[in-house]
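> Pasting a predicted model and its sequence here:
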Amino acid sequence: MAAKKSRKSAALTKARMQEIQRIIGLNNMSSTPIDLRNYSRALEEKGQIAMRSGKTGVPPDLVAWPASTGQVSRLLRLANEQKISIIPYGGGSNLTGGTLVENGGIMLDLKRLDSIVSLDDKSLLVTVQAGMIGETLERELNFSGFTLGHFPSSIYCSTVGGWLATRSAGQLSTLYGKIEDMVVALEAVLADGTIVQLRPRPRAATGPDFAQLIIGSEGTLAVVTEATLRISMLPEKRIFASYLFRDLADGLDTIRLIMREGVRPAAVRLYDETESGILLRELDLEVSGNLLILTFEGLEEIADVEAGIAAAIAKKAKAKKMGEKPASYWWKHRYDVSYQQSRIMPNAGMVLDTVEVATIWSNLQNLYEKITEALKKEAIVTAHFSHAYPEGCSICFTAIARTDENKAAAKLDRIWKKALDVTVKAGGSISHHHGIGKLKAPWLKSELGNINGLLKKIKKGLDPNNILNPGKLGL
Ligand SMILES: Cc1cc2nc3c(=O)[nH]c(=O)nc-3n(C[C@H](O)[C@H](O)[C@H](O)COP(=O)(O)OP(=O)(O)OC[C@H]3O[C@@H](n4cnc5c(N)ncnc54)[C@H](O)[C@@H]3O)c2cc1C
């Protein structure tokens with residue numbers, strides 16, 4: 001079993017270790033080989049292919065589990081003075097190599113910051129520490145009659161801080177928004193240990209929004225320690241509806257028109273013919289086409305009206321009504337994707353990955369067709385459209401292929417290169433919700449244009465010693 005050697009941070013001397021011990025306590029830090037090895041791998045598919053032959057990435061020098069914002073601040077101040085890298089770590093569920101280690105340093109696992117700080121049921125706000133696991137937060141809110149409305153497929157193994165750092169999207173984002181739409185305030189620690197606390201307010205006109213600068217910065221500009229998020233009342237009613245379209249274009253137009261009417265389904269998922277086929281077979285339905293799944297939730301009267309308007313739009317597009325079953329089946333199995341991948345990926349020669357991109361309605365089908373065409377020689381490609389907005393939608397492609405084990409990593413590289421080259425050229429966005437990490441960094445410059453230089457200046461201003469998550473977002 002080979003593990004890459006760490007170029008151990010020269011500054012992480014015995015004396016520095018003792019200082020860290022004084023800050024967080026001996027039991028809350030580890031440099032045992034097994035812990036370092038565990039934190040040197042990530043869930044991104046290339047890492048999983050490497051793991052099949054026992055290879056992991058560069059290990060950190062130390063794993064630290066701070067328990068308070070004060071401890072994070074003291075650790076960062078020390079790391080900044082000694083130029084030691086800090087890699088913020090939530091659940092480690094990112095798919096972009098966002099927590100991979102470049103050159104040793106401290107893996108800052110925030111999972112001990114795992115409490116709800118306050119619940120303001122009058123303002124519909126929850127203040128929560130960054131290391132709390134999503135499912136735990138959602139359950140706690142449900143006990144009090146609320147929901148966050150954020151349901152990524154990784155909800156059992158991802159944290160609030162990780163969501164914010166990657167601009168995550170949940171399965172019901174069309175109704176509740178992406179995580180960045182839910183943030184009302186946050187607390188973060190800058191590279192030099194400064195604690196920044198933004199106060200909750202409904203909206204403000206007090207200059208640029210610092211929270212939105214930190215959100216999506218993937219641990220490169222600050223460590224998020226706490227966030228105040230909008231919550232909603234638990235829905236009174238949930239409606240499941242499904243439709244089948246002969247042409248993908250009709251399905252896409254139906255979603256676009258639903259959004260245009262101001263109707264907000266909770267889940268919107270239109271599967272292309274190949275992906276629909278898989279679902280329809282699981283349901284023992286002998287039909288073909290492009291399956292659209294919609295769910296509506298909230299107050300009974302509103303959900304009923306919204307489902308009615310959507311049904312009328314689908315009817316006009318000559319969709320076949322498929323009833324509740326496909327949608328309720330999806331609902332029941334909505335987290336299964338996590339387990340399907342873990343069945344396939346350990347097998348030698350298998351390559352399986354998802355590529356999530358986004359664009360505006362006027363470019364959506366074009367982008368879908370271009371990526372499908374570009375990937376068809378490399379893999380079996382399926383796609384679904386989800387996370388709909390009045391102005392556009394995201395597309396999630398799944399590429400699956402079998403090859404010689406020693407060619408699997410190169411095949412995966414080709415899949416990514418072809419998909420993202422085409423996305424940039426066609427004017428799409430290279431990421432809708434998984435972020436950039438290391439994986440997509442080579443394409444970020446093309447997407448951002450001269451804003452990329454601005455991002456580098458901001459990084460230099462906030463983290464001049466480049467201690468925070470070096471190498472991610474191309475920084
Ligand atoms: C099976 C599976 C399904 C998935 N489904 C979805 C989905 O539906 N929607 C979706 O959006 N994503 C999904 N993902 C991707 C992943 O879960 C998200 O990117 C998630 O937001 C990462 O959260 P995490 O806590 O695991 O963060 P990590 O993986 O630990 O870290 C992600 C990035 O955030 C940084 N970071 C972590 N915590 C902090 C902090 N407190 N302050 C500053 N930076 C921090 C890290 O340095 C890293 O750059 C899925 C992943 C898997 C494995």
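Done, it's in. Numbering: from 1, shown residues only.
> Close to the ligand: what parts of the stretch 301-450 of the chain are there?
337-338, 433-435 (C-beta under 6 Å from any ligand atom). All C-beta atoms are positioned from the backbone trio N, CA, C, and that covers glycine.
> tell me the contacts of Thr96?
For Thr96, the contacting residues are 44, 166, 431, 434-440, by C-beta atoms under 8 Å, 6 or more residues apart in numbering.
> ok, Met233 touching Leu148?
No. Judged on C-beta atoms under 8 Å, Met233 makes no contact with Leu148 at a distance of 11.7 Å.
> Could you check which of those two has the larger neighbour count?
Neighbours per residue, other C-beta atoms under 10 Å: of Met233 and Leu148, the larger number sits with Leu148, 25 against 12.
> surely the more buried one meets Thr136?
No. Using C-beta under 8 Å, Leu148 makes no contact with Thr136, being 11.2 Å away.
> Now the buried members of the residues of the stretch 301-450 of the chain next to the ligand.
Buried by 16 or more other C-beta atoms under 10 Å: 433-435, out of these.
> list the buried ones in whatever helix or strand Ala15 lives in?
Ala15 is part of helix 14-24, with elements assigned from DSSP states H and E. Going by neighbour count (16+ other C-beta under 10 Å), the buried part of helix 14-24 is 16, 20, 23-24.
> Over to stretch 311-325?
Applying 16+ other C-beta under 10 Å to stretch 311-325 flags 311, 313-314, 317, 319, 322 as buried.
> From the chain's centroid, how far away is it?
31 Å (C-alpha atoms, centre = their mean, to the nearest Å).
> my guess is Arg199 is in a strand, correct?
No. Under DSSP: H, G, I helix; E, B strand; the rest coil, Arg199 sits outside any strand and is assigned coil.
> Now it. Nearest residue, chain neighbours left out?
Distances taken as C-beta to C-beta, 6 or more residues apart in numbering put Ala185 closest to Arg199, at 5.8 Å, once the chain neighbours are dropped.
> Was I right to think that neighbour contacts Pro200?
Yes. With contact defined as C-beta under 8 Å, Ala185 reaches Pro200; the gap is 4.2 Å.
> what do the two both touch?
127, 228.
> got TSV for the residues of the stretch 301-450 of the chain next to the ligand, with secondary structure, pLDDT and distance to Ala211 too?
Output for those, formatted as TSV (DSSP: H, G, I helix; E, B strand; the rest coil; pLDDT from 0 to 100; distance: C-beta to C-beta, whole Å):
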residue	secondary structure	pLDDT	distance to Ala211
Val337	helix	71	30
Ser338	helix	67	29
His433	coil	98	18
His434	coil	97	21
Gly435	coil	98	17
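> What segments of the stretch 201-350 of the chain are strands?
Applying DSSP state E, counting those that start in this stretch to the stretch 201-350 of the chain gives strands spanning 223-230, 232-233, 237-245, 267-271, 290-298, 320-323, 350-360.
> Now these in TSV, please, with extra columns for mean pLDDT.
Formatted as TSV, the strands of the stretch 201-350 of the chain follow (pLDDT from 0 to 100):
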stretch	mean pLDDT
strand 223-230	98
strand 232-233	98
strand 237-245	98
strand 267-271	98
strand 290-298	98
strand 320-323	98
strand 350-360	96
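> and the lowest-mean-pLDDT helix or strand in the chain, how far out from the chain's middle?
Here the helix or strand of the chain ranked lowest by mean pLDDT, DSSP states H and E is helix 337-344, holding a mean of 74. Helix 337-344 sits 17 Å away from the centroid of its parent chain (C-alpha atoms, centre = their mean).
> now stretch 18-27
The answer for stretch 18-27 is 32 Å, by C-alpha atoms, centre = their mean.
> Stretch 266-281 now?
21 Å.
> buried stuff in it?
Under 16+ other C-beta under 10 Å, the buried positions of stretch 266-281 are 266-273, 275-277, 279-280.
> How far does it stretch from one end to the other?
25 Å (C-alpha to C-alpha, to the nearest Å).
> Point out the other helices and strands that the helix or strand containing Cys393 packs with.
For Cys393, the host element (DSSP H and E) is strand 392-402. Helices and strands touching strand 392-402, as assessed by 3 or more C-beta pairs under 8 Å, 6 or more residues apart in numbering; DSSP states H and E, comprise strand 350-360, helix 361-375, strand 380-388, helix 408-425.
> and of the buried residues of helix 14-24, the nearest to the ligand?
Ile24 (15.7 Å; C-beta to the nearest ligand atom).
> which stretches of the protein have low pLDDT?
1-11, 338 (pLDDT under 70).
> if we go to 50?
Where the chain drops to pLDDT under 50, the residues are 1-3, 6-7.
> Is the residue nearest to Arg199 part of a helix or strand, or is it coil?
strand.
> What is the neighbour count of it?
Neighbours around Ala185, by other C-beta under 10 Å: 16.
> got it, and Val128?
26.
> need the contact list for the residue in the stretch 1-150 of the chain that the ligand sits nearest to.
In the stretch 1-150 of the chain, the residue that lies nearest the ligand is Gly90 (2.5 Å; C-beta to the nearest ligand atom). The contact partners of Gly90, by C-beta under 8 Å, 6+ apart, come to 110-111, 130-131, 158-163, 165.
> From those residues, list the ones also adjacent to the ligand.
110, 130, 158-159, 161-163, 165.
> Glu300: which of the residues you listed is nearest?
Closest to Glu300 out of the ones next to the ligand among the contacts of Gly90 is Trp163 (29.9 Å), distances taken as C-beta to C-beta.
> That closest one is in contact with Gly134, isn't it?
Yes. Counting by C-beta under 8 Å, Trp163 touches Gly134, with 7.0 Å between them.
> which residues do these two both contact?
By C-beta under 8 Å, 6+ apart, the residues touching both Trp163 and Gly134 are 150, 152.
> So between the two, which is more surrounded?
Between Trp163 and Gly134, counting by other C-beta under 10 Å, Trp163 is the more crowded of the two (32 against 26).
> which ones are touching the more buried one?
90, 134, 150, 152, 179.
> of those, closest to Lys417?
Pro152 (26.1 Å).
> Please tell me how far the closest one sits from the ligand.
3 Å (C-beta to the nearest ligand atom, to the nearest Å).
> With Val189 instead?
9 Å.
> What residues does the residue lying closest to Glu275 once chain neighbours are set aside make contact with?
In space, and not counting its chain neighbours, Glu275 is closest to Thr382: 3.8 Å by C-beta to C-beta, 6+ apart. Under the criterion of C-beta under 8 Å, 6+ apart, the neighbours of Thr382 are 271-272, 274-275, 278, 397-398.
> Now with 7 Å, please.
When contacts are counted by C-beta atoms under 7 Å, 6 or more residues apart in numbering, Thr382 touches 272, 274-275, 398.
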